[in-house]
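**Student:** This is the structure alone, sequence omitted:
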């Protein structure tokens, strides 16, 4: 109830951002279920069985050895969620992958490239590298600065090319006049 109200903006909790309400609800629900299982386990008839105890120890060791990368991805996904490095729909560059974020989960981040390819990047890889978010400045109303590389032949006078590029920028819709291109 509280998480839904925070997400809708009906309740504010200090510096707690509304987009964090859903993942926080999922984490709290998961922890409550684990706590309930731990509390109920001791009262089950099989809790004192040596066979069942051996089986749970074996499964615990198997799970801990086999899930180290999955757990690191979950931890990285949680850190990425609460640091708010990017949102769904943001244009980002993560390592060598450039595109729009289409999905964020606790294990992976899916990025759709300009070639319409979906790339799933493990969250531990995202967190261990650097993230360039091109959408933050546009979302905050500061605009976006685009950089490009132009190559010209040695026989073309650069002042002419420079003038043509400035003219093309001035004739493009949505380009701010201040600062001038």
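**Tutor:** Everything's here; your move. This is a predicted model, so every value here is computed, not measured. Numbering: from 1, shown residues only.
**Student:** Just the buried positions in stretch 9-24, please.
**Tutor:** Under the neighbour-count criterion of 16 or more other Cβ atoms under 10 Å, stretch 9-24 has 18, 20-21, 23-24 buried. Placement of C-beta: from N, CA and C, glycine included.
**Student:** what does stretch 61-78 give?
**Tutor:** So for stretch 61-78, counting by 16+ other Cβ under 10 Å, buried means 72-74, 76-78.
**Student:** next helix or strand past the helix or strand of the chain with the lowest mean pLDDT?
**Tutor:** Every helix and strand of the chain was ranked by mean pLDDT, DSSP states H and E. The lowest is helix 136-139, at a mean of 74. Sequence order places helix 158-170 as the next helix or strand after helix 136-139, per DSSP states H and E.
**Student:** can you give me how far that following helix is from the chain middle?
**Tutor:** From the chain centre to the centre of helix 158-170 is a distance of 38 Å (Cα atoms, centre = their mean, to the nearest Å).
**Student:** Quick check: buried residues in it?
**Tutor:** Using 16+ other Cβ under 10 Å as the burial criterion, none of the residues of helix 158-170 qualify.
**Student:** For residue 161, see how far away the residue of the chain most remote from its centre is.
**Tutor:** Most distant residue from the mean C-alpha position of the chain: residue 155, 46.7 Å away (Cα atoms, centre = their mean). The gap separating residue 155 from residue 161 is 12 Å, by Cβ to Cβ, to the nearest Å.
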